[in-house]
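>>> fold the following for me, if possible:
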Amino acid sequence: MSDRRSRERAVAHDRSAQAGADPAPDPSAAGGGPLAGVRVLDLTAVLMGPFATQLLGDMGADVIKVEPPRGDTSRGIGPMRSPGMGGSFLHVNRNKRAVCIDLKNEAGRDVLLALARKADVLVYNVRPAAMKRLRLAYEDLAAVNPRIIYAGVFGYGQDGPYAEFPAYDDLIQGAIGLPTMIGRVGDGVPRYVPLVFVDRAVGLAAVNSITAALFHRERTGRGQSIEVPMFEAMVPFVLGEHMAGHTFDPPLGPVGYPRLLAPERRPYQTSDGYVCAVIYTDRHWQSFYELTGRSDEFARDPRVKTIGERTKHIAELCEESARHFRTDTTRNWLDRLNAADIPCMRLNTPESLLQDPHLEAVGYFERFEHPSEGTIWQMRPAVTSTEPARRQRLPAPRLGQHTREVLAEVGIDDAAAQRLARIGAVAGEGLPGA
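Here you go, the predicted model:
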């Protein structure tokens, strides 16, 4: 990091402290991390983009969350102690600073371009056509900063007929056929997975692409535009296994992986609950037959000899196994399966997951004192490293909490920020209209 940028941030810190704003440590240095010194402009909202940028912040990046004056929609989701600080928002917006800019206001657009001149990455999750209407397309950003990584995370690739379709997690689940498969193994009624899992999976893909682009820039000095379409990114989650015989031309069999589509493939009911077990390899099946007193039967049963035969007969094998699981308790089955080295796990609920003994032992849930929201529980990043870094440098920010501080870092002093706020270009704590 240059000495000039360090001095600018020191001045901004002093100004925010004098104005009564929450003082913040140098965000690109505090706690270190592999992305320390990287500045990210986060123009995303709700979950997919904020999840991705939080991961970048967890790795040490200085993430500046740019919100419209009304704020990110997710601020209003779930229980909250203060307006705009809902639980869902708190879980995807740590390690960020928040500024409010009206990008439809010409002066607000100029403010964003001023931020972009000193940024390394810009992430957005609206359709590219919307960014073009705002005159914030890649060409506009590259004109002021050729080294910028411009990353879009949106619904569909821009060369196909779905390019302008809006996209949400449920819609992409439907587009990739996931509800159909759930219906096929259940009661026939298509249903969505009760998780916002597409947004999180595509968020991870975005982080992979952004970090790769940063590495490429270190080698070449060039920035680039990245597009991460949700639909295309999720298709391999389905067809990676289920393309099956259609992998070949001409096809060697139907679409679908029978083991995954067997309705009988589900947690096994025990005499007092459920247990999850994966009896998968040749050794697993032999051990399970021995465990259930059927060693002689294993030697005679052609259905379990190879993975190909087991796949053909998976429904009946699961059903037979289920009868054995019903004869003993969950605790006894876990003990017996572990002793036989057959992969197993107890079946958690969302409630019991909060008390999971493994998560407790590794310190996964961290109690944190938020400066405005009081005591909250957070989930720490799962990845650990021999290079230590503070995981939580900054709590999830209040709306516009850092507008004055961040603007000062790009040469917009407090008087200018006040004028911008009066014309509606920016908003934030301590500014007119706040």
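
>>> next SSE downstream of the strand or helix carrying residue 41?
Per DSSP states H and E, residue 41 falls inside strand 39-42. Using DSSP H and E, the helix or strand that follows strand 39-42 towards the C-terminus is helix 48-58.

>>> for that next one, what is the average pLDDT?
For helix 48-58, mean pLDDT is 97.

>>> just checking, what packs against that helix?
Other helices and strands packing on helix 48-58, by 3 or more Cβ pairs under 8 Å, 6 or more residues apart in numbering; DSSP states H and E, are strand 39-42, strand 62-67, strand 96-101, strand 121-124, strand 149-154, helix 197-220. To be clear about C-beta, it is placed using only N, CA and C from the backbone, and glycine gets the same treatment.

>>> ok, residues contacting whichever helix or strand comes after the third one?
For strand 96-101, the following helix or strand on the C-terminal side (DSSP H and E) is helix 106-117. If you take Cβ atoms under 8 Å, 6 or more residues apart in numbering as the criterion, helix 106-117 is touched by 41, 64, 66, 99, 101-103, 122, 134-136, 140-141, 144-145, 148, 406-407, 410-412, 420, 423-426.

>>> contacts only, for residue 359.
Counting by Cβ under 8 Å, 6+ apart, residue 359 touches 353, 365.

>>> now it: which helix or strand?
Using DSSP H and E, residue 359 falls in helix 357-361.

>>> next one: residue 141
Using DSSP H and E, residue 141 falls in helix 138-144.

>>> buried residues of that helix, list them for me.
By neighbour count with 16 or more other Cβ atoms under 10 Å, helix 138-144 contains the buried residues 138, 140, 141, 142.

>>> how about stretch 105-122: buried residues?
105, 108-109, 111-116, 118-122.

>>> burial of residue 248, as a residue count?
The number of residues packed near residue 248 is 10, by other Cβ atoms under 10 Å.

>>> helix, strand or coil for the residue of the chain positioned farthest from its centre?
The centre of the chain is farthest from one residue, residue 296, which by Cα atoms, centre = their mean lies 48.7 Å away. At residue 296 the chain is in helix, as set by DSSP: H, G, I helix; E, B strand; the rest coil.

>>> did I read that right, residue 226 in a strand?
Yes - assigned with three-state DSSP, residue 226 falls within a strand.

>>> need the contact list for the closest residue to it other than its chain neighbours.
Of all residues not flanking residue 226 in the chain, residue 151 sits nearest, at 4.3 Å (Cβ to Cβ, 6 or more residues apart in numbering). Residue 151 makes contact with 121, 122, 123, 124, 206, 209, 210, 213, 225, 226, 227, 228 under the criterion Cβ under 8 Å, 6+ apart.

>>> if we go to 10 Å?
40, 44, 49, 52-53, 121-125, 138, 206-207, 209-210, 213, 224-228 (Cβ atoms under 10 Å, 6 or more residues apart in numbering).

>>> same deal with residue 412?
By Cβ under 10 Å, 6+ apart, the residues touching residue 412 are 110, 111, 114, 115, 403, 404, 406, 419, 420, 426.

>>> the buried residues of stretch 105-122: which two are farthest apart?
Spatially, the most separated pair among the buried residues of stretch 105-122 is 105 and 120, at 25.0 Å (Cβ to Cβ).

>>> one step back: need the buried residues of helix 138-144 in a markdown table with pLDDT and distance to residue 266, can you?
Below are those laid out as a markdown table (pLDDT from 0 to 100; distance: Cβ to Cβ, whole Å):
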| residue | pLDDT | distance to residue 266 |
| --- | --- | --- |
| 138 | 98 | 47 |
| 140 | 98 | 52 |
| 141 | 98 | 49 |
| 142 | 98 | 51 |
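
>>> closest one of those residues to residue 301?
For the buried residues of helix 138-144, the nearest to residue 301 is residue 138 (60.3 Å; Cβ to Cβ).

>>> nearest spatial neighbour of residue 403, chain-adjacent residues omitted?
The spatially closest residue to residue 403, leaving aside those adjacent along the chain, is residue 428, at 2.7 Å (Cβ to Cβ, 6+ apart).

>>> give me phi/psi at that neighbour?
phi 160, psi 170 (degrees, to the nearest 10).

>>> now the one 5 residues further on
Reported as degrees, to the nearest 10, the phi and psi values for residue 433 are phi 90, psi -10.

>>> report the buried members of the contacts of helix 106-117.
Buried members of the contacts of helix 106-117, counted by 16+ other Cβ under 10 Å: 41, 64, 66, 99, 101-103, 122, 134, 136, 140-141, 145, 148, 406-407, 410, 412, 420, 425-426.

>>> which helix or strand in the protein has the lowest average pLDDT?
Lowest mean confidence among the helices and strands of the chain (mean pLDDT, DSSP states H and E): helix 3-18, at a mean of 36.

>>> looks like residue 241 contacts residue 256 (just checking).
Yes - contact between residue 241 and residue 256 holds when scored by Cβ atoms under 10 Å: they sit 8.7 Å apart.

>>> poorly predicted segments of the stretch 251-400 of the chain, please.
Within the stretch 251-400 of the chain, the segments meeting pLDDT under 70 span 389-390.

>>> would you list every one of the strands in it?
268-269, 274-277, 344-346, 365-370, 374-379 (DSSP state E, counting those that start in this stretch).

>>> could those strands go into JSON lines alongside mean neighbour count?
Shown next, in JSON lines, are these (neighbours: other Cβ atoms under 10 Å):
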{"stretch": "strand 268-269", "mean neighbour count": "18"}
{"stretch": "strand 274-277", "mean neighbour count": "17"}
{"stretch": "strand 344-346", "mean neighbour count": "16"}
{"stretch": "strand 365-370", "mean neighbour count": "13"}
{"stretch": "strand 374-379", "mean neighbour count": "13"}
